[in-house]
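I'd like to go over a predicted model; first the sequence, then the structure.
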Amino acid sequence: MKEQIRIPSKENDKLVLKVTPGHFSSDRFHVNYYIDMSSLKMRQSEAKLVAKVMAEKYVRKVKINAHLKGYNFENLIETGANRTPVDTIICMDGCEVIGAYLAEELTAGGFPSNNKHKSFYVITPEFDNTGQMVVRNNIQPMIKGKNVLVVLATAMSGHTISKAIGTILAHGGKVTGLSVIFANVDRVDEYPVYGVFTHEDLPNFKLSDPHHCEDCEAGIPLDAVVNSYGYQML
Ligand SMILES: O=C(O)c1cc(=O)[nH]c(=O)n1[C@@H]1O[C@H](COP(=O)(O)O)[C@@H](O)[C@H]1O
């Protein structure tokens with residue numbers, strides 16, 4: 001593994017994506033960067049910042065300049081425009097802390113919620129051993145007829161998000177947002193994917209079929225196995 005590179009977010013330079021170049025394998029792909037999201041998901045202050053940047057895609061803000069008694073004020077105020085209601089936030093890849101802060105950010109933005117309790121549901125879905133999302137009877141009312149926002153760590157090919165969309169729609173929910181920390185794709189099933197970081201921040205990110213991986217063909221050994229929990233050196 002090579003030395004870690006730190007990529008600051010264009011939206012907020014206090015947010016940094018840590019990536020390590022190398023040759024990595026997940027259960028489906030080979031990738032040329034390990035993207036370390038541990039602190040973005042698990043350090044309170046960083047998770048809160050991630051949520052703040054995610055919320056900005058759903059709460060329109062405008063910058064105002066005001067002059068009062070010789071002082072200049074610059075502030076961000078929310079406009080009512082283009083707000084979509086959110087009732088339920090589905091969190092995957094260990095993004096529950098971000099999800100809870102996102103609920104807070106959306107509440108602070110005066111986000112409308114259709115829920116009886118005027119509060120958000122923050123759900124971690126269950127998966128069966130075939131990788132299908134299971135929606136138990138007690139969870140179904142949190143999706144049926146609800147506006148659902150999906151939060152996860154990465155959209156690599158978009159397959160996981162596509163499965164989530166299918167499950168939400170099948171249970172009578174409406175997909176109102178897809179937010180990820182790193183987006184390698186811009187859209188999934190015609191829905192826009194909002195990434196705090198995107199492939200534009202990491203332009204030479206390469207996702208390969210393990211059977212057609214240039215690094216494997218060049219005889220470069222694998223450094224580690226990666227998944228949403230982290231990495232395991234080989
Ligand atoms: O399994 C992976 O490929 C993977 C590697 C990695 O470094 N980080 C990571 O989040 N993942 C998983 O990849 C999924 C997204 O990939 P796609 O389903 O191809 O969009 C995430 O939901 C994670 O479970």
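Arrived safely, thanks for sending. Numbering: from 1, shown residues only.

So which residues on the chain come close to the ligand?
When proximity is defined as CB under 6 Å from any ligand atom, the chain approaches the ligand at 26-29, 35, 92-93, 152-161, 226-228. C-beta here means a position set from N, CA and C on the backbone, and glycine is covered the same way.

So in this structure, where's the weakest helix or strand by average pLDDT?
Of the helices and strands making up the chain, the lowest-confidence element is strand 71-78, at a mean of 53, by mean pLDDT, DSSP states H and E.

neighbouring strands for the helix or strand following it, and are they parallel or not?
As assigned by DSSP states H and E, the chain's next helix or strand after strand 71-78 is strand 88-91. Take DSSP bridges as the rule and strand 88-91 pairs in its sheet with strand 121-123 (parallel), strand 147-155 (parallel).

list the contacts for the residue most central in space within the chain?
The C-alpha lying nearest the average C-alpha coordinate of the chain belongs to Val180 (CA atoms, centre = their mean; 1.5 Å). Taking CB atoms under 8 Å, 6 or more residues apart in numbering, we find Val180 in contact with Val151, Leu152, Ala153, Thr154, Ala155, Ile161, Val193, Tyr194, Gly195, Val196.

host element of Asp27?
Per DSSP H and E, there is no helix or strand for Asp27.

before we move on, what about the one 5 residues further on?
Here Asn32, judged by DSSP H and E, is contained in strand 30-36.

Now that strand: buried residues?
His30, Val31, Asn32, Tyr33, Tyr34, Ile35, Asp36 (16 or more other CB atoms under 10 Å).

So the fifth one versus Cys91, what's the distance?
Shown here: Tyr34 relative to Cys91, a distance of 22 Å by CB to CB, to the nearest Å.

before we move on, what about the last one?
Here the criterion is CB to CB. By it, Asp36 lies 19 Å from Cys91.

Surely Ala183 and Pro192 touch.
No: applying CB atoms under 8 Å as the test, Ala183 and Pro192 come out as separate, 9.6 Å apart.

Looking only at neighbour counts, state which of the two leads.
Taking other CB atoms under 10 Å, Ala183 and Pro192 do not tie; Ala183 has more neighbours (25 against 11).

Pull the most distant pair out of the contacts of Val180.
Largest separation among those by CB to CB: Ile161 and Val196, giving 15.0 Å.

Okay, now the unreliable bits of this structure?
60-84, 109-117 (pLDDT under 70).

tell me the SS of Tyr101?
helix (DSSP: H, G, I helix; E, B strand; the rest coil).

quick one: buried residues of stretch 14-33?
So for stretch 14-33, counting by 16+ other CB under 10 Å, buried means 15-17, 19-26, 29-33.

Quickly list what Thr198 is bridged to.
Ala183.

where's it relative to the ligand, distance?
13 Å (CB to the nearest ligand atom, to the nearest Å).

Could you pull up the contacting residues of that residue?
Thr198 touches Phe182, Ala183, Asn184, Asp186, counting by CB under 8 Å, 6+ apart.

Can you tell me which of those residues are buried?
Phe182, Ala183, Asn184.

Now do the contacts for the nearest residue to Asp186 once chain neighbours are set aside.
In space, and not counting its chain neighbours, Asp186 is closest to Val193: 6.0 Å by CB to CB, 6 or more residues apart in numbering. Neighbouring residues of Val193 by CB under 8 Å, 6+ apart: Ala155, Gly158, Ile161, Leu178, Ser179, Val180, Ala183, Val185, Asp186, Arg187.
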